[in-house]
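Participant: Coordinates for the following, if possible.
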Amino acid sequence: MEDGFYTEISEMEPMMPTDPAGELDDLAIEVIRKSACISTAVHPVTRRGIVELVRKMNSYYSNLIEGHNTHPADIERAMREDFSKDPAKRAKQLESKAHIEVQKRIEAHIEDTPGTVITSKSFLCLIHKEFYERMPEEYLVVQRADGKTEKVTPGKTRELEVEVGRHLPPKSEYLGAFMERFQEAYDPQKLKGLSQVIAAAASHHRLAWIHPFLDGNGRVTRLMTHAYLIKAKIDGHGLWTVSRGFARNREEYLASLAGADQPRRGDLDGRGNLTQAGLLGFCKFFLKIAIDQIDFMSGLLDLDGMQKRIQAVVDRQVSFGELKPEAGHLLRDVFLRGEIPRGEIPNIIGMPERSARRVASSLLEKGYLVSASGKGPVMLGFPASLVGYYFPRLYPEGVEASLD
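Facilitator: Coordinates of the predicted model:
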């Protein structure tokens, strides 16, 4: 240690928590079991649309943790390249869009290159590079504690010392060694079973502890964790996100991270330099949040409940004279089947072809249905205006109410 900054990789130990009581194993088993169940909850085609929505939600909550509140409707507009004229709002839209695009880039990279070591310095720098190359110019400038400003270089680790609250991360000149140890300890391809799941939690803290970049460490850490969940096959095919749980329990999340930053608290607190109890506590928090979020999304995707909410949306629109009652049959059928050829719509809703075409057209105009082409099959749409109805409590109550 030099001037209070870490310089030896041994100062990052322990890398994995010790849990004599076996509570972490029990939690990891629950995560594996529940994530396997949610992955088959809906038709694969319908799932693709929900996964797009979850990516937007992940962006919203990950940025919210950093104190950047971007309304989901503004995120949806950003994805259509519809940006606000207000510079501050536009910057947040670009940030949200960047998060979504980088998450998709990560998912595609893992699928195309299965051997990717997601804990490697090169991959973590890639995440940072992809993210910050998409960021507005004003977000590339950070202010130091002494009032001086520094320019963030996308994909480049920091070359100066920083303070993160009370935590002093490793000295910049030693970051390479710390990141090499991080890769070695947490590469999911070298771990199996429950160890993989627990490592997803432990690596989340240790990457935040290393703090390898001048800015963006929280977002890079959460995006790395998303990649880790995919590699460990516990991401439920993208149907849940841990960031929602972190954001809704923000103070406990930050306190748990800080608790695991602390040095060992005596002879009964493990044998490493850092607190064993703190790392164990963070991993328990992480896995409990994961279970809570999988349970939350599983409840929303219950087939009967989802069909009832779809019908409730149609009934409301019918009362306004905006839709025909038959629209409910079509939307529920599309939800269950994934996609429906347009030629089958008259039979499904029991209407003549011309009338059925009008029903389908009104649903397509509202975004309740979507299609890849003018004559292609129709799929269920998830516009921001319906999120609060289809997926209650997905966003905070005040935000949800303003989506309508």
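Participant: Tell me where this structure is predicted with low confidence.
Facilitator: 2, 398-404 (pLDDT under 70).
Participant: Closest to the centroid, which residue in it?
Facilitator: Asn58 (3.7 Å; C-alpha atoms, centre = their mean).
Participant: Show me how the record splits this structure into domains.
Facilitator: 9-300, 303-401 (automatic domain parsing).
Participant: Turn these into TSV, including distance to Asp3.
Facilitator: Any C-beta I mention is one placed from the backbone N, CA and C, and that applies to glycine too. Shown next, in TSV, are the domains of the chain (distance: least, C-beta to C-beta, whole Å):
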stretch	distance to Asp3
domain 9-300	8
domain 303-401	42
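Participant: among the ones you listed, which is the most enclosed?
Facilitator: Comparing the domains of the chain by mean neighbour count (mean count of other C-beta atoms under 10 Å), domain 9-300 comes out on top with a mean of 18.
Participant: returning to what we had before: please name the nearest non-neighbouring residue to the residue nearest to the centre of the chain.
Facilitator: The shortest distance from Asn58 to any non-neighbouring residue, by C-beta to C-beta, 6 or more residues apart in numbering, is to Thr241 (4.3 Å).
Participant: give the contact list for that neighbour.
Facilitator: With contacts defined as C-beta atoms under 8 Å, 6 or more residues apart in numbering, Thr241 is in contact with Val54, Met57, Asn58, Tyr61, His226, Gln293.
Participant: just checking, which of these belong to helices?
Facilitator: Residues of the contacts of Thr241 located in helices (DSSP state H): Val54, Met57, Asn58, Tyr61, His226, Gln293.
Participant: Check the residues you listed against Thr40 and report the nearest one.
Facilitator: Ranked by distance to Thr40 (C-beta to C-beta), those are led by Val54 at 16.1 Å.
Participant: close enough to count as contact, the closest one and Val242?
Facilitator: No: shown here, Val54 and Val242 do not form a contact pair, counting by C-beta atoms under 8 Å, at 11.4 Å.
Participant: ok, and what's touching stretch 83-91?
Facilitator: Thr70, Asp74, Arg77, Gln93, Leu94, Pro136, Glu138, Tyr139.
Participant: correct me, but the last one touches Ser96?
Facilitator: No: taking contacts as C-beta under 8 Å, Tyr139 lies outside contact range of Ser96: 11.8 Å.
Participant: re earlier: which among the domains of the chain is found nearest to Met1?
Facilitator: Evaluated with C-beta to C-beta, these place domain 9-300 nearest to Met1, the distance being 6.6 Å.
Participant: Quick one: distance of the closest one to the chain centre.
Facilitator: Offset of domain 9-300 from its chain centre (C-alpha atoms, centre = their mean, to the nearest Å): 8 Å.
Participant: Kindly check the end-to-end length of that domain for me.
Facilitator: 44 Å (C-alpha to C-alpha, to the nearest Å).
Participant: What strand or helix carries Ile110?
Facilitator: helix 87-112 (DSSP states H and E).
Participant: Give me the next element, helix or strand, following that helix.
Facilitator: Downstream of helix 87-112 (by DSSP H and E), the next one is helix 121-132.
Participant: what about stretch 363-380, distance to the chain center?
Facilitator: A distance of 27 Å separates the centroid of the chain from that of stretch 363-380, by C-alpha atoms, centre = their mean.
Participant: Can you give me the end-to-end span of it?
Facilitator: Distance across stretch 363-380, first residue to last, is 10 Å (C-alpha to C-alpha).
Participant: Any chance you could list what contacts it?
Facilitator: Counting by C-beta under 8 Å, 6+ apart, 45-46, 49, 313, 322-323, 327, 330-331, 334-335, 338-342, 345, 360, 381, 383, 385-386 sit against stretch 363-380.
Participant: Which members of those residues occur in strands, if any?
Facilitator: Of the contacts of stretch 363-380, the ones assigned to strands by DSSP state E are Glu339, Ile340.
Participant: if I pick the residue of the chain positioned farthest from its centre, what's in contact with it?
Facilitator: Ranked by distance from the centre of the chain (C-alpha atoms, centre = their mean), the top residue is Pro352, with 43.9 Å. By C-beta under 8 Å, 6+ apart, the contact set of Pro352 is Pro346.
Participant: Against Leu330, how distant is it?
Facilitator: 14 Å (C-beta to C-beta, to the nearest Å).
Participant: Ok, Lys97 next?
Facilitator: Per C-beta to C-beta, Lys97 is found 32 Å from Leu330.
Participant: what do you get for His205?
Facilitator: 47 Å.
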